Every structure is written in C-alpha cells, then in structure tokens.
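Novice: Sequence and predicted structure below; questions after.
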Amino acid sequence: MGAPDAPRVRGFGVIRRGFALTPSLARGLPLTLLLAALSTVGGAVVPVVVQIAIDRGFGADGGPDEGLVLRWSAVAAGIVLLTAVCSWAMKVRLFVASERGLTDLRIKAFRHVHDLSVLTQDRERRGALVSRVTSDIDQVSLFLQFNGIMIVTSLGQVAVATVIMAIYSWQLTLVVWACFVPLVVTLVALQGRMARAYDHARATVGTMLAVIAEPVVGASVVRAYGVERRTQHRIDHAIDVNLRANIRAQRLVAGTFASAGVAGGLANASVIVVGVMLGVAGDLTLGGVIAFAFLVSLFIGPVQTATQVITEAQNAISSWRRVIEILDTPADVRDPGEGVVLPQGALEVGFDHVRFAYPGGPDVLHDVDVVIPARQRVAVVGETGSGKSTFAKLLTRLSDPTAGAVTLDGEDLRTIGFSTLRSRVVMVPQEGFLFDATLAENLRYGDLTASPERMRQAFSDLGIDDWFTSLPDGLETQVGQRGESLSAGERQLVALVRAYLADPDLLVLDEATSAVDPQTEMRASRALERLLAGRTSVVVAHRLSTAEAAERVLVFDAGVLVEDGSHDALVSQGGVYARLHASWVAQAHLGIEAVPSAGGIDDSAPGPAWDNGPRD
Ligand SMILES: Nc1ncnc2c1ncn2[C@@H]1O[C@H](COP(=O)(O)OP(=O)(O)OP(=O)(O)O)[C@@H](O)[C@H]1O
C-alpha cells in the first residue's frame, strides 16, 4: 500500500503531525531542552578557563599565580559536574517521553489498523502493514532517543561556540563559518534525494517483512509443493532490494559526512594561519589563539555530528510518515457510534438494488434486490467467483455497497452501531480462525462472559458433546497456532460452538469446503442444524445437501441474482440451479466426488463441494 487514501505529508509537516498525534512526546519538552542547553554550556567553559589560567595565572605579574589557577580549575570542575548531571537528567527525560509517546503512537496505529476495512487491509500485504506499526515506530524511537537530542545539543554547542568565538575574534569566527558554507549548500541540495532514498528504503523493509512472513505462515504449502528454492529466491530478492536501497541512502549520508570532514580540516588550518597573522598584528593574545583553537574543535565536532544526524533524520521522517499515513487513512467502513436501535429477535434482511465493485475493479454484484424475512433459512449458491462471499461480506458490513443499501429490519447497516451489529449478526467464515490458546479462550471470542458450564452446555445443545468429552484436556485443550492441533473438521465444530455462544439473531455462514471424515461431517451437519434453528440465516452453500435443507435458495451467476426459490421449485424450473443439481446427482451416482458448476462438470475439483471451492 502506498498508504491507500492518505494524503502525503512532507518534511516538517511530518514532524508537526507526529508531535500532534503524540502529545506526550512534547510534554515537558521545554525543560528537557533547557537541560540540553545547560549541558552544552559546560563544554564551552573549559576553553575559557584554559585561557584565563594561561593569560592571568601563568602570565601574572611577578610569576605564575597557582592560587588563581587552582580556583579557576575548581570552578571549571564544578561546572563540568553540573553539566554531567544536567545531561543525565535530560537523557532520562528524553527516554521516558519518547518511550511513552511512541507507545501511544503504536497503540493508536494498531487500533486504527483494526478500524480499517478488510478491503483496505487487503490492499497492503499484512507483513508490510505490521512493519508500519513495529519497525517504523522503532526507527522513530531510536532516532528520538539517540539522535534527536544530539541535534539539539549539537546546534546548542555550535551557537555557544560561535558566541564565545566572536567574543575572542569576530574575524576568525567569520573564517570558520565561511569554511562551512559549501557543506550547508550541499546538505540543502541533497535533502530531496535523501528523502526519496530513505522513503524507498523504508518501503523495502515493509515488502521484505511481508515476503518473509508469508512463507512462514504458509510453510506447509511451501513444503508440500517443494517450492523452497523459489520461495528462498523471492526472499533473497527482497532482502537484496532492501540492501541496495539502504546502501544508496547511506552513500548520500557518507558523502555529506565526508564534506563535513573536509570543511572541518579547512577551518582548523585557516584559523591557525589567520590566527597567527592576527596575533603577530597584536590583535590576539597567545592564550586567545589557543582558546580559539579549542573552540574551533568544539564547533567542528557538533557540526559534523549534526550533519550526520540531519541526514539520518530523513530515515526517521520516512518512518514517521509511514505511521502517519496509516493513521490518516480513513476508515472507509465507519462506525456510526450509538446508531439506531434494532428490535429484539430474529432479523429481516434487505438488499435494496445493491451494486458492488472492489476498488479499481468491475462490478461483481449487479443490482441485487432481495428481502429475506426473519427466521428464514437461506442458501446462497453459484459457481466459483459468482459473488456469494461478496454478498456475505456486505451483509456483515465487512464492506459497504458501491450503490444501494443493505438493511436489517429496514435500517441501513451504515446507521447501526458496530457494537449492536457485532452482537446481533455473526459471520462464520469458511476457515474459522482459531487463536493459539485454549479451547475455552477461543470460545470466549463468542461470548466473553461465558462460564465453563455454559461452554459445556453449548457442546451438548449442538449435539456434539461426544466429541467434546473425547478431548482429554476438555476446555483446557491447546488448539495450537491457527488451531492447527485440531483437524479441519474439528476447527469447524469449534467455530460453530463459538457462533452459538455469541447467540446472534442473524447468522451468516460461509460453508467450509474442506472435506472431513464422515463422522465429523455428521457432527458438523447436526451442530449446524441446531445452530440455525430459530434464527435468520444465510449460508453460502458448497454442499448440495445444505441447499436442499434450506427453505429458500438464492442462485448467483456472474454477480447477478438469477434464481430465487425453494429447492424443489428451482429444480422443476429447469434453470441454472436445476443443471447444478442434475450434474451433482449424476456425479453422486457415479460415485465420483466431482464438482459440477453452472457451466457444467468440473471433474478436476476435489471434495464434496459443488462449486470449484475457493479460488486460491
Ligand atoms: N478482495 C478482492 N479484491 C478484488 N476482487 C475480488 C476480491 N474478492 C473477490 N473478488 C472478485 O469478486 C468476484 C466475486 O468473488 P466472490 O469471492 O464473492 O465469489 P464466490 O462466489 O464467493 O466464490 P467462491 O465460491 O470461490 O468463494 C470474483 O470475480 C473475484 O475475483
């Protein structure tokens, strides 16, 4: 995602927006800056004391004045100590403020990622999205803690050194500044290129993480198809692209740092030459020339540091921009907050001339106009890609229609608060995602307050307590990552129990296509039967038996609702559904578990499902 719909924020705008989004970052900043300024003063004191000790102590009338040298040394030691304390306090404050601020930012960004519609999330690969909330924020944090304050202290030191140098000799001060003019010009000229180089480098980090994460998640597919080398090649390529992007950015940084070195050397040499000339002319004392030489190094060091830090700031700004872009991406499926109140009980569903297109694509649903009365049990069928899942997504407001409206009991879904919607409407996706936790914790996603007794009762209500009691650890069974310690069929059972605990008034179910053993299949059918009882239900059916059991069948073909009626009526009508049914029956008699589709029989597809199964 080049951040989907967020306007691009530039340079200082990023810093301003960044601070506005994280007020705790700026809180107490004036005191931190004051401490930073005080800690820079200490560094400038030493050359001044050296000058006083040389000119007034060693050069005192009547021989060296040891007392004076000791007194001034004590003063210098005190100031240096105080400076160290200021520096420590400043760093602690900075660490605390940046950690707090960036934690806030991380939480905000993470929440916002959740608010974005599934569609928006799909546009950026998940790994790249995660990188914006993790590694990009880490970059900003690192910069603020180690470099941000260095810019402040360095610029402070440069200012303090300039003032003191000017007090000693304004001519030499001008010479020093003149040596750095080319550096400033170079820096300004390279800013744009460096910003682009770092933007690219940060984007390649996101891509790299996405490319690495994908095969880790899909490790079994990678191994099953023996594509380790091809996968490794993709990863190597992404790493290589990132490496080259970083090198390109760092080359620019190295160039500016080298220019700073040249300017420093030039300044040192010029000061000695011009200083000696001024000394010979009687305009400067020996102590003054030595002090000035010290001050020049005090000036050059921070200028070089600031040069490097300013260039590295581009990296942090690029990262900050990527986080801000996420926060500025509007949540296209917006929660209306309180919203309208829905009546209790089963819900009536309406599609009022609904049209839908995925961003940048053609319409995939065309003028769908249908009413599903409360408590009706509906099956949605059609071949792969006909728009069944999209219909289900609109029904559960994972996306909003491009035109027309989806209604619940006559209320537009867009006017119903998310909390009401999520408690009344539940979607059971094809692959019920399970979290790496116990069975009980996974079931609680359906109802946070469910007690163990209620959970056990749910298994019993759905007629699958024989399976539940076969689990040695019962509710404490660990399901593994994505539920992989359970079989596909068992995961379906858990998903059904979870939906039952949520107790929705409208249940939308995308039937699983994976084939399971006959016993689990029977359990799942029984549980589904009981789960649907008394509720309005829309099941995206992949099994003909599910369509046969429904009161009403909606048939989609290329995004158009082409048939609508009971199973029997549609079979006798002799249309798309009848053809689907006939091919299925023929296949069943032949004992081949092939998958007929609206276009005929597809004998390459596996399983008992009657469309081609999921595209991927
Ligand atoms: N996220 C997406 N972005 C772009 N196009 C999409 C997206 N999801 C689906 N489509 C397209 O929309 C059309 C309808 O897809 P949909 O998933 O609704 O079909 P389906 O009937 O549910 O198919 P299946 O039975 O295989 O799940 C297809 O042409 C598909 O390619």
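Specialist: Sure, I can see it.

Novice: Kindly tell me how buried I310 is, as a neighbour count.
Specialist: As a burial measure, I310 scores 18 neighbours (other C-beta atoms under 10 Å). Backbone N, C-alpha and C define where each C-beta goes, glycine included.

Novice: Could you check which helix or strand contains it?
Specialist: helix 286-328 (DSSP states H and E).

Novice: Check V130 too.
Specialist: Counting by DSSP H and E, V130 is found in helix 126-133.

Novice: next one: the helix or strand just after that helix to chain centre, how far?
Specialist: Next helix or strand after helix 126-133 toward the C-terminus (DSSP H and E): helix 135-142. Averaging C-alpha positions (C-alpha atoms, centre = their mean, to the nearest Å) puts helix 135-142 13 Å from its chain's average.

Novice: between helix 135-142 and helix 286-328, how big is the angle?
Specialist: If you take axes from the mean of the first three to the mean of the last three C-alpha atoms, to 10 degrees, helix 135-142 sits at 150 degrees to helix 286-328.

Novice: Find the closest residue to the ligand in the stretch 201-350 of the chain.
Specialist: Using C-beta to the nearest ligand atom, the single residue of the stretch 201-350 of the chain nearest to the ligand is D332, 13.4 Å away.

Novice: so that residue touches L398, yeah?
Specialist: No: judged on C-beta atoms under 8 Å, D332 makes no contact with L398 at a distance of 11.0 Å.

Novice: Now do the helix holding V130, average pLDDT.
Specialist: The average pLDDT within helix 126-133 is 71.

Novice: Likewise for stretch 424-442?
Specialist: 85.

Novice: in that stretch, what's buried?
Specialist: By neighbour count on 16 or more other C-beta atoms under 10 Å, the buried set for stretch 424-442 is 424-432, 434, 438-440, 442.

Novice: Looking at the residues you listed, which are in strands?
Specialist: V425, V426, M427, V428 (DSSP state E).

Novice: Which one of these is nearest to M277?
Specialist: Lowest distance from M277 to those (C-beta to C-beta) belongs to M427, with 84.1 Å.

Novice: Isn't that closest one up against R498?
Specialist: No: here M427 does not reach R498: they are 11.4 Å apart, not a contact under C-beta under 8 Å.

Novice: Show the contacting residues for E99.
Specialist: Counting by C-beta atoms under 8 Å, 6 or more residues apart in numbering, E99 touches S141.

Novice: Next, work out how far apart it and A89 are.
Specialist: Taking C-beta to C-beta, to the nearest Å as the measure, E99 and A89 are separated by 16 Å.

Novice: F351 too?
Specialist: Per C-beta to C-beta, F351 is found 64 Å from A89.

Novice: now swap in V205 and tell me
Specialist: V205 sits 34 Å away from A89, going by C-beta to C-beta.

Novice: What ranges does the stretch 251-400 of the chain have for its helices?
Specialist: Here the stretch 251-400 of the chain has its helices, by DSSP state H, counting those that start in this stretch, at 286-328, 388-395.

Novice: Reformat these as a markdown table; add mean pLDDT.
Specialist: A markdown table is the format used below for those (pLDDT from 0 to 100):
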| stretch | mean pLDDT |
| --- | --- |
| helix 286-328 | 80 |
| helix 388-395 | 92 |
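
Novice: okay, these in a markdown table with distance to the ligand next?
Specialist: Formatted as a markdown table, the helices of the stretch 251-400 of the chain follow (distance: least, C-beta to the nearest ligand atom, whole Å):
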| stretch | distance to the ligand |
| --- | --- |
| helix 286-328 | 19 |
| helix 388-395 | 3 |
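
Novice: which residues of the chain score low on pLDDT?
Specialist: 1-11, 43, 117-128, 280-281, 283, 513-516, 587-616 (pLDDT under 70).

Novice: helix, strand or coil for the residue lying closest to T285 once chain neighbours are set aside?
Specialist: Of all residues not flanking T285 in the chain, D55 sits nearest, at 5.7 Å (C-beta to C-beta, 6 or more residues apart in numbering). Put simply, D55 is helix when judged by DSSP: H, G, I helix; E, B strand; the rest coil.

Novice: List the residues that contact D55.
Specialist: T285, L286, G287, G288.

Novice: 10 Å instead, please
Specialist: By C-beta atoms under 10 Å, 6 or more residues apart in numbering, D55 lies in contact with T285, L286, G287, G288, I290, A291.

Novice: so how far is the ligand from the nearest residue to L554 once chain neighbours are set aside?
Specialist: Distance criterion C-beta to C-beta, 6+ apart; nearest residue to L554, sequence neighbours excluded, is V380 at 4.9 Å. In this view, V380 and the ligand are 8 Å apart by C-beta to the nearest ligand atom, to the nearest Å.

Novice: Verify the contact between V380 and D557 for me.
Specialist: No: in this structure, V380 is not within contact of D557 by C-beta atoms under 10 Å, at 11.8 Å.

Novice: Overlap of the contact sets of those two?
Specialist: Counting by C-beta under 10 Å, 6+ apart, the contacts common to V380 and D557 are S386, G387.

Novice: tell me the domain boundaries of this protein?
Specialist: As recorded under automatic domain parsing, the domains making up the chain are 14-328, 349-602.

Novice: Would you check the distance separating the shortest one from the middle of the chain?
Specialist: By that I understand domain 349-602. Using C-alpha atoms, centre = their mean, the distance from the centre of domain 349-602 to the centre of the chain it belongs to is 30 Å.

Novice: quick one, what contacts the residue lying closest to L68 once chain neighbours are set aside?
Specialist: Computed as C-beta to C-beta, 6+ apart, the closest residue to L68 that is not its neighbour in sequence is G57, at 4.6 Å. Applying C-beta under 10 Å, 6+ apart to G57 gives the contacts 49-50, 64-73, 287.

Novice: helix/strand/coil for the residue of the chain most remote from its centre?
Specialist: Distance from the C-alpha centroid of the chain peaks at G62, with 73.8 Å (C-alpha atoms, centre = their mean). What three-state DSSP gives for G62 is coil.

Novice: How about the one 10 residues further on?
Specialist: Secondary structure assignment for W72 (three-state DSSP): helix.

Novice: pretty sure it contacts V50?
Specialist: Yes: assessed by C-beta under 10 Å, W72 is found in contact with V50 at 9.1 Å.

Novice: about what we covered before: could you pull up phi and psi at the residue farthest from the centre of the chain?
Specialist: Dihedral angles of G62 (phi, psi; degrees, to the nearest 10) stand at phi 80, psi 20.

Novice: Equivalent analysis for A403, please.
Specialist: The phi/psi pair for A403 (degrees, to the nearest 10) reads phi -150, psi 160.

Novice: I'd like the distance between the closest residue to it other than its chain neighbours and A392.
Specialist: Residue nearest to A403 in three dimensions, not counting chain neighbours: R355, with 4.1 Å by C-beta to C-beta, 6+ apart. Per C-beta to C-beta, R355 is found 16 Å from A392.

Novice: Quick one: list the elements packing against the helix or strand harbouring T207.
Specialist: T207 is part of helix 170-217 when elements are defined by DSSP H and E. Using 3 or more C-beta pairs under 10 Å, 6 or more residues apart in numbering; DSSP states H and E as the contact test, the elements touching helix 170-217 are helix 11-21, helix 126-133, helix 135-142, helix 149-168, helix 219-224, helix 228-280, helix 286-328.
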